[in-house]
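Peer 1: sequence plus predicted model, see below.
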Amino acid sequence: MDDLSFRTDLAQQLRVDSVRASDAAGSGHPTSSMSAADLLAALLDGHLRLDFGKPDDPRNDHLIFSKGHASPLYYSVLKAAGAIDDEELLTFRKFGSRLEGHPTPRVPWTDVATGSLGQGLPIGVGVALAARDLDRLRNRVWVLCGDSEMTEGSVWEALEHAGHAGLDNLVALVDVNRLGQTGETMHGWDLEVYSARFHAAGWRTLLVDGHEPEQIETAMQEATTPDGRPVAILAATKKGKGVAAVEDQPGKHGKPLPDAAEAIEELGGARDLRVEVAKPTEDAVPHTFSATGGAAPEFELGSEVATRKAYGQALTALGGRRGDVVALDGEVSNSTFSEVFREAHPERYFEMYIAEQQMLATAVGMQVRGWTPFASTFAAFLSRAYDFVRMAAVSRATLNLMGSHAGVAIGEDGPSQMGLEDLAAFRAVHGSTVLYPSDANQTVRLVELMAEQEGISYLRTSRGALPVLYAPDDADFRIGGSRTLREGDDITLIGAGVTLHEALRAAEQLSVAGIQARVIDLYSIKPVDVDAVRGAAVETQAIITAEDHWPEGGLGEAVLSALAGSGIATPVRQLAVREMPGSGSPAQLLHQAGIDAEAIAGAARKVLGR
């Protein structure tokens, strides 16, 4: 049997196994899998370089299913490669199986979870950047995309960045099968339309009939001959290819075939072909960056320093001590101060421009290869990439995010620039860590702790300069901790960032009236210091929380969650931003929101009946 005949037979096996797996599960997307079977058969038999026995080999190619709903095809590929057996294939979508409805890294050959369309290609850009510019290896990143997801803005951010960066180690296999979930896609089978868009972004395109092995093979050979541009193989295919009852038929998306046995017979019956997938042959090891040293920055007690500035200096020093640390920014590096890192470590700094989805995707892709990314932008703009954060948690990814310019305290720029929902958003992410430093030296220590933390860590920084409260050699900070800056038995004031300083001022005002206030710096919003909160609730008469954030999901609700189920009935009064702010000075806006020292002291007097 010649190579093309074998691939034709292998493609049929991939279709049959996609049908079988979905039938056994009683659900799935077999028709979306069947359309791309010829592409994957060709890739598997001759072009992919991946040692399935060593999934962590840094020289391996990467295969990312951006059309994650074609998971039956993915698992069928794993079976054909000998990575899983038929028995496991038929556990698809069953409780306890690692073969979930959409791929996740529970399967060791899966870099990232890709159930949300439009994410695989942007993450592929990140993996390709890491391979070329950080690892400095010549492996390739293959991404299977569906035509429906081509309408996602994140895909176009990926096309722009890949073209701009000249990522000729990236190949997109675009399965243009014409049919989406509810009807025809925007451009149907018009490959020229897709090609023009890819070309405009600086890609090389190869147009093929996705069911013609000779055309596919020619395109694969051309794709693996680099010319300084990323490559897109645009393949016209038919959904449900090979089974008359579903081939190119609307309304068949996301359903097992009506008669699996008949479909399997029509496809030529079950097969048990195995492919000896080529292993990487490059005699190379990934590049590493040596540590050049660099002492952590220190800030004098009583001086005034913005925590965003401390972040930039702390990250730069960390990058000097750790060669695995990389920095990404969304074209605001002179505001987030990641520009300091860029100047010190230009080979590990990545400008992602105003494309926050691509920035997050790149961070996810880089951590796949073991790098430690820190990505920064304004807190408000991270909301544009929230789906990537959500899916990064599903991917079990470890990355660090910094949001600056948070809250009404940014002042005159107005509400479009005020991150007022970021704490709630990041607290809601599975396994996340949410930190909110109140001074520069604390910021330095928290950046260091983030780099050691697994999962998704978020650091909220402030625009304006804040007084330095902690000594440079004060290392008593931890994930899940807090600091009590002032003791008192009457009432507890809890703040973080800007509002901690307002709480300290409020405590001074209250002391004049004979009220002794305890002040807690709740710099770890998640996990929260349950012991400190409960201790304060037991030892004082009431708690006032103040936060430069909407009342939903932020610091105040973190405090309430710490008290939940404790049986402690101490009253808690939440001060937060409750009305849409406008422009004004920080002091004016903090006062208007009712979260400045005057408001905190007034709330304390009221709750104590004084």
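Peer 2: Yes, it's here.
Peer 1: scan this protein for its longest helix.
Peer 2: helix 3-25 (DSSP state H).
Peer 1: now do the buried residues in it.
Peer 2: 4, 6-8, 10-25 (16 or more other CB atoms under 10 Å). Yep, even glycine has a C-beta here, placed from its N, CA and C like the rest.
Peer 1: what's the answer for stretch 244-264, then?
Peer 2: For stretch 244-264, by 16+ other CB under 10 Å, it's 246-248, 252-253, 256-257, 260, 263-264.
Peer 1: swap in stretch 406-424?
Peer 2: Applying a neighbour-count criterion of 16+ other CB under 10 Å, the buried positions in stretch 406-424 are 406-411, 417-424.
Peer 1: my guess is A513 contacts G602, does it?
Peer 2: No: checked against CB atoms under 8 Å, the pair A513 and G602 is beyond contact range at 11.2 Å.
Peer 1: these two - which one has more neighbours?
Peer 2: G602 (17 against 11; other CB atoms under 10 Å).
Peer 1: helix or strand: which one has that one?
Peer 2: Assigned by DSSP states H and E, G602 falls within helix 597-608.
Peer 1: run through who's touching that helix.
Peer 2: When contacts are defined by CB atoms under 8 Å, 6 or more residues apart in numbering, helix 597-608 is touched by residues 490-491, 493, 495, 499, 502-503, 505-506, 509-510, 513, 515, 517, 541-542, 544, 546, 571, 573, 575, 591, 593.
Peer 1: so what's the gap between it and the chain middle?
Peer 2: Its chain's C-alpha centre and that of helix 597-608 lie 40 Å apart, by CA atoms, centre = their mean, to the nearest Å.
Peer 1: do stretch 193-209 as well
Peer 2: Centre to centre, stretch against its chain (CA atoms, centre = their mean), the figure for stretch 193-209 is 27 Å.
Peer 1: can you mark which positions in that stretch are buried?
Peer 2: Applying 16+ other CB under 10 Å to stretch 193-209 flags 194-195, 197-199, 201-208 as buried.
Peer 1: narrow these to those in strands?
Peer 2: Assignment to strands by DSSP state E places the following of the buried residues of stretch 193-209 there: 204-208.
Peer 1: just the pLDDT at M1, thanks.
Peer 2: Looking at M1, its pLDDT stands at 54.
Peer 1: can you start the count at 52 instead of 1 from here on
Peer 2: Happy to do that; since the first residue is 52 now, the last one works out to M52.
Peer 1: which helices and strands does the helix or strand encompassing G416 pack with?
Peer 2: Using DSSP H and E, G416 falls within helix 407-419. Under the contact definition 3 or more CB pairs under 8 Å, 6 or more residues apart in numbering; DSSP states H and E, helix 407-419 sits against helix 171-180, helix 204-216, strand 376-380, strand 423-429, helix 437-445, strand 450-455.
Peer 1: angle of it against helix 171-180?
Peer 2: Calculated by axes from the mean of the first three to the mean of the last three CA atoms, to 10 degrees, helix 407-419 forms an angle of 50 degrees with helix 171-180.
Peer 1: okay, buried residues for helix 407-419 please.
Peer 2: Going by neighbour count (16+ other CB under 10 Å), the buried part of helix 407-419 is 407-419.
Peer 1: now do stretch 175-191
Peer 2: Neighbour counts using 16+ other CB under 10 Å place 175-186, 188, 190-191 of stretch 175-191 among the buried residues.
Peer 1: equivalent analysis for stretch 189-206, please.
Peer 2: Using 16+ other CB under 10 Å as the test for burial, stretch 189-206 gives 190-201, 203, 205-206.
Peer 1: among those, which lie within helices?
Peer 2: Per DSSP H, the subset of the buried residues of stretch 189-206 in helices is 205-206.
Peer 1: the buried residues of stretch 189-206 in strands, which ones?
Peer 2: 192-197.
Peer 1: list the buried residues for stretch 647-661?
Peer 2: The neighbour-count check on stretch 647-661 (16+ other CB under 10 Å) flags 647-648, 650-655, 658-659 as buried.
Peer 1: got those as TSV, with pLDDT and distance to T358 columns?
Peer 2: Formatted as TSV, those follow (pLDDT from 0 to 100; distance: CB to CB, whole Å):
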residue	pLDDT	distance to T358
D647	98	19
A648	98	19
A650	98	22
I651	98	20
A652	98	24
G653	98	27
A654	98	25
A655	98	26
V658	96	30
L659	96	32
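Peer 1: in JSON lines: these, plus distance to L129.
Peer 2: Listed next are these as JSON lines, based on distance: CB to CB, whole Å:
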{"residue": "D647", "distance to L129": "59"}
{"residue": "A648", "distance to L129": "61"}
{"residue": "A650", "distance to L129": "59"}
{"residue": "I651", "distance to L129": "58"}
{"residue": "A652", "distance to L129": "63"}
{"residue": "G653", "distance to L129": "64"}
{"residue": "A654", "distance to L129": "59"}
{"residue": "A655", "distance to L129": "61"}
{"residue": "V658", "distance to L129": "61"}
{"residue": "L659", "distance to L129": "65"}
